Every structure is written in structure tokens, then in C-alpha cells.
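Visitor: next come a sequence and a model predicted from it.
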Amino acid sequence: QVQLVESGGGSVQSGGSLRLSCAASRYSYSGYCMAWFRQAPGEEREGVATIENNGRASLANSVQGRFTVSQNNTKNTLILQMNSLKPEDTAMYFCAAHPGRCPRSASGYLYWGQGTQVTVSS
């Protein structure tokens, strides 16, 4: 069983920055796909960033140039650095993990955290 705990959410003004962390109960996520999703009220869960099990990182078009995704050296913490935040980034942000290759949709991920709220005011 993998437990994921997100932290780092909060309220910021437009243009501000936040750093989200996802700590895992495993000693390493090596071999896992790791991802950040977000969900705004009344909206579907949206993929924000992924790190594939081969280390390749990718970002959604809506956050490219503003967000970066990384793992710490031991690969048991997933980090989402969010800069130049916009009100439309307001959502609950979730960390997800899946052994092996990244699933095609959110529903395919095996493990989820409880989420951390990000609120960006204009």
C-alpha cells in the first residue's frame, strides 16, 4: 500500500508562487509514474504534470512555462513548483502514483493523496 500526502497549498495573489510537495510512504518511487492533477469545483479532474517511470517529465499546456515538476534525489517526494499563478489555477491539487507506465487517464491511477487547496486571487 502506498500512501501519498500533499502539502504546500495556500492562498496567494495573482503572479505569486507556491511549492507543492507529495511525500510517499515508500522509500522510493523508482519504477512508478508520478503525477499531479487538479480539480476545480464543478470541473473534471485535470492532469497538470507527470514524471514517467523512465524519468521523463511533462506538463499540461496550460501550465508550461510557469510550473515545473521534479522529484527529490531519493525519489520519494514529488514537487510541483508553481510560479506566475493565475486565478484559473485555483483548484484542489492531488498527487497520484501508479506502478509502471503512466495511465491514460486519472481513473487509471492506483494511488491518490487527499489533496491540497490552492487559491489564487486577482
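Guide: Sure thing, it's come through. What you see is a predicted model, and the numbers here were worked out from it, not measured in a lab.

Visitor: use CA for all of it now, contacts and neighbours both
Guide: Fine.

Visitor: can you get me a residue count around the closest residue to residue 86 other than its chain neighbours?
Guide: The shortest distance from residue 86 to any non-neighbouring residue, by C-alpha to C-alpha, 6 or more residues apart in numbering, is to residue 14 (5.0 Å). Around residue 14 there are 17 other residues, counting by other C-alpha atoms under 10 Å.

Visitor: show me which positions of stretch 85-100 end up buried.
Guide: Residues 85-86, 89-99 are the ones in stretch 85-100 that count as buried (16 or more other C-alpha atoms under 10 Å).

Visitor: now the strands for the chain?
Guide: Under the criterion DSSP state E, the chain carries strands at the ranges 4-7, 10-13, 18-24, 32-39, 46-51, 57-59, 67-71, 77-82, 91-99, 111-112, 116-121.

Visitor: before we move on, back to that, thought the residue nearest to residue 86 was touching residue 90?
Guide: No: using C-alpha atoms under 8 Å, residue 14 is not in contact with residue 90, being 10.2 Å away.

Visitor: shared neighbours, the two?
Guide: Counting by C-alpha atoms under 8 Å, 6 or more residues apart in numbering, the shared contacts of residue 14 and residue 90 are residue 120.

Visitor: having no further points to raise, I will conclude here.
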